[in-house]
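Visitor: Sequence and predicted structure below; questions after.
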Amino acid sequence: MQPVINVLQTADRPHRQRPVHGAHVGFILLDTGFERLPGDVANALTWRFPVQYHVVTGVRPQDVIEGAPEKVLPAFYDAIDRLTQLGMDGIATSCGFLAVVHPQLRAYSRVPVASSSLMQIPLVLQTLPADKTVGVIVSDRKAITDKHFTNIGAPVGLPLGELAFDGPIRANMRNNASRVSYAAQERDALESVERMLAETPSIGALVSECANLPPYSQAIEKAFGVPVYDVVSLVEWLHAGLRPRGFHPETS
């Protein structure tokens with residue numbers, strides 16, 4: 001008779017040698033100084049599971065959004081190496097615009113990479129009625145290109161909504177504000193979504209490109225009644241596959 005394996009005893013057994021245990025998702029963070037509120041990708045209180053962070057020192061949001069992220073790929077490759085050496089089983093990033101270099105990050109990494117919240121678009125589209133579409137909230141409309149969508153398998157031509165250039169969210173990011181107002185930033189996010197939904201009533205769900213928007217996802221859903229997906233929902237999905245929930249039969 002074959003011995004019965006006790007799944008409770010083996011559930012936390014590591015698949016490989018690692019110096020860090022208990023965290024399975026590693027984040028590559030851009031070099032910023034502005035306050036990151038709970039819900040933000042770079043606030044550890046956001047996550048219902050332990051995470052590991054690595055900052056790519058000297059690589060700022062503008063280098064990825066306005067510049068050429070291909071030029072800083074070596075810094076991201078080094079971050080992937082460092083996080084996987086610590087024992088991370090999956091990698092995520094802190095900027096949706098990194099979708100443009102997702103093929104390179106995916107080709108380099110030995111573990112799954114969730115580079116951008118935009119990766120959720122194809123799945124979200126498939127959940128919607130045929131007469132509905134996905135609206136994408138971006139931090140900088142003029143900087144996003146078709147390549148940001150095609151490189152992660154999403155269609156082009158989706159309706160876009162943009163955070164106001166002079167609104168508190170983008171201003172605080174540009175100025176590296178050490179203190180930010182949750183209420184002011186929430187109003188900024190809600191006003192951006194309101195403009196987008198007024199322009200395109202066929203939007204049936206939202207995907208937030210900006211990794212600083214999740215603190216306001218719940219307020220957006222409550223105000224407008226549409227599903228909202230962001231980097232938090234992406235990473236929670238990634239983690240769910242890396243560490244599936246256990247459902248063990250009761251023993252008598």
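Guide: Structure's in. What do you need? Because the structure is predicted, anything quoted here is derived from the model rather than measured. Numbering: from 1, shown residues only.
Visitor: can you list the weak-confidence ranges in the protein?
Guide: For the chain, the stretches with pLDDT under 70 are 1-15, 251-252.
Visitor: mind listing the strands for it?
Guide: 25-29, 51-55, 90-93, 113-114, 133-138, 160-162, 203-208, 228-229 (DSSP state E).
Visitor: Quick one: residues contacting residue 110.
Guide: residue 84 (C-beta atoms under 8 Å, 6 or more residues apart in numbering). Placement of C-beta: from N, CA and C, glycine included.
Visitor: All the helices of the stretch 101-250 of the chain, in order from the start?
Guide: All helices of the stretch 101-250 of the chain, identified by DSSP state H, counting those that start in this stretch, fall at 102-108, 121-127, 146-150, 168-175, 182-199, 217-224, 231-242.
Visitor: could you dump the strands of the chain to CSV with distance to residue 237 and mean neighbour count?
Guide: CSV is the format used below for the strands of the chain (distance: least, C-beta to C-beta, whole Å; neighbours: other C-beta atoms under 10 Å):
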stretch, distance to residue 237, mean neighbour count
strand 25-29, 11, 24
strand 51-55, 14, 18
strand 90-93, 10, 26
strand 113-114, 8, 23
strand 133-138, 16, 24
strand 160-162, 23, 20
strand 203-208, 13, 24
strand 228-229, 9, 24
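Visitor: Go through those strands and name the closest to residue 78.
Guide: Closest approach to residue 78 among the strands of the chain (C-beta to C-beta): strand 51-55, 8.8 Å.
Visitor: circling back: using JSON lines, lay out the strands of the chain together with distance to residue 170.
Guide: Below are the strands of the chain laid out as JSON lines (distance: least, C-beta to C-beta, whole Å):
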{"stretch": "strand 25-29", "distance to residue 170": "18"}
{"stretch": "strand 51-55", "distance to residue 170": "21"}
{"stretch": "strand 90-93", "distance to residue 170": "19"}
{"stretch": "strand 113-114", "distance to residue 170": "24"}
{"stretch": "strand 133-138", "distance to residue 170": "11"}
{"stretch": "strand 160-162", "distance to residue 170": "9"}
{"stretch": "strand 203-208", "distance to residue 170": "14"}
{"stretch": "strand 228-229", "distance to residue 170": "19"}
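Visitor: And those strands: which comes nearest residue 64?
Guide: Minimum separation from residue 64 across those (C-beta to C-beta) falls at strand 90-93, 9.1 Å.
Visitor: quick one: contacts of the closest one?
Guide: Residues from elsewhere that reach strand 90-93 (C-beta under 8 Å, 6+ apart): 24-29, 41, 76, 80, 83-84, 105, 109, 111-116, 211, 231, 234-235, 238-239, 242.
Visitor: Just the buried residues out of the residues you listed, in ChimeraX syntax.
Guide: Those of the contacts of strand 90-93 that count as buried under 16 or more other C-beta atoms under 10 Å are selected in ChimeraX with:
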select :24,25,26,27,28,29,41,76,80,83,84,105,109,113,114,115,116,211,231,234,235,238,239
